[in-house]
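*Asks:* Have a look at this fold, sequence not included:
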């Protein structure tokens, strides 16, 4: 505060009690956790039963009934993914997600992820291609969590790629680390959305959500997981020319291996 001559003769302080805000945040987190846990068990049972009907294991159904059962099964699966994402975000927020970080060879993990997600990509007429890497490297990671990140990157790339296209996966050395990138030739990411890309519940637009599915949590979860393992995430894109999602991890060079051949995963 200043007097009539412009001299400072005091200071004004404003205090705000944030305990109520913290209490509300805690209640919200507990509500999401409780509801998510309560939803997951019945949803899993419903999805499993619908899957049996859709596969024909319980007997043949009329064509129209099969189509409706498949729609119900697909949507129950989407709900389960949403619930799992909410639970993962809640665990990360309160520090309850367990990480078993161990030295791992990187390339076998990437290849395992490509094989595990190949069937998903086939639904969109897309294949994965692993760029050759001359020598394997060792990273300190929780392998299950790393596979979770890779699965998210790969599934997003497949969903947004044109039919009959190839998604490129590459690992390359960086200063004191390694970068793993997943590149597609889809619609790309607008400049204004890129800053919000790894935030919770972010979607480029509502039409993407409806057409491609997704919770808007996957990339935010990836960011948290990679950062917990000492790395960082990012994305490069030119609108209309595709996108490249990547994560960087610290690493130590492992024992040299023979040149990995370029491998396409149909």
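*Replies:* Sure thing, it's come through. As the structure is a computational prediction, the values presented were derived from the model and not from experiment. Numbers count the residues shown, from 1 in each chain.
*Asks:* Tell me if I'm right that residue 165 and residue 183 touch.
*Replies:* No: applying Cβ atoms under 8 Å, one finds residue 165 not in contact with residue 183, separated by 10.8 Å. For the C-beta atoms, the positions are set from N, CA and C on the backbone; glycine is no exception.
*Asks:* okay, those two: which has more neighbours?
*Replies:* Using other Cβ atoms under 10 Å as the criterion, residue 165 and residue 183 rank with residue 183 on top: 22 against 19.
*Asks:* For the stretch 151-266 of the chain, just list every one of the strands.
*Replies:* 166-174, 177-184, 232-237, 243-253, 263-265 (DSSP state E, counting those that start in this stretch).
*Asks:* So which of the ones you listed is nearest residue 145?
*Replies:* If you check each of the strands of the stretch 151-266 of the chain against residue 145 by Cβ to Cβ, strand 243-253 wins as the nearest, at 11.4 Å.
*Asks:* buried residues in that closest one?
*Replies:* Of the residues in strand 243-253, 243-249, 251 count as buried by neighbour count, 16 or more other Cβ atoms under 10 Å.
*Asks:* ok, of those residues, which one's closest to residue 133?
*Replies:* Among these, and counting by Cβ to Cβ, the member closest to residue 133 is residue 251, at 12.3 Å.
*Asks:* For that closest one, name its beta-bridge partners.
*Replies:* Taking DSSP bridges, one finds residue 139 as the beta-bridge partners of residue 251.
*Asks:* could you measure residue 139 against residue 109, distance?
*Replies:* Note on residue 139: its distance to residue 109, by Cβ to Cβ, to the nearest Å, is 8 Å.
*Asks:* So for the two, which sits in the more crowded spot?
*Replies:* More neighbours surround residue 139 than the other of residue 139 and residue 109, with 25 against 19 (other Cβ under 10 Å).
*Asks:* Could you chop this structure up by domain?
*Replies:* 19-93, 102-265 (automatic domain parsing).
*Asks:* Of the ones you listed, which stretch is the most buried?
*Replies:* Neighbour counts (mean count of other Cβ atoms under 10 Å) averaged over each of the domains of the chain peak at domain 102-265, with a mean of 17.
*Asks:* Residue 241 touches residue 189, doesn't it?
*Replies:* No: using Cβ under 8 Å, residue 241 makes no contact with residue 189, being 10.4 Å away.
*Asks:* Output the lowest mean pLDDT helix or strand found in this structure.
*Replies:* helix 206-212 (a mean of 47; mean pLDDT, DSSP states H and E).
*Asks:* got a list of what residue 151 touches?
*Replies:* 113, 116-117 (Cβ atoms under 8 Å, 6 or more residues apart in numbering).
*Asks:* Against residue 115, how distant is it?
*Replies:* Counting by Cβ to Cβ - residue 151 and residue 115 are separated by 11 Å.
*Asks:* Kindly report the same for residue 190.
*Replies:* For residue 190, the distance to residue 115 - Cβ to Cβ - is 33 Å.
*Asks:* Could you do residue 49 as well?
*Replies:* In terms of Cβ to Cβ, residue 49 sits 28 Å off from residue 115.
*Asks:* Likewise for residue 135?
*Replies:* 21 Å.
*Asks:* Assumed residue 134 was part of a strand.
*Replies:* No: in this structure, residue 134 is coil, not part of a strand, as judged by DSSP: H, G, I helix; E, B strand; the rest coil.
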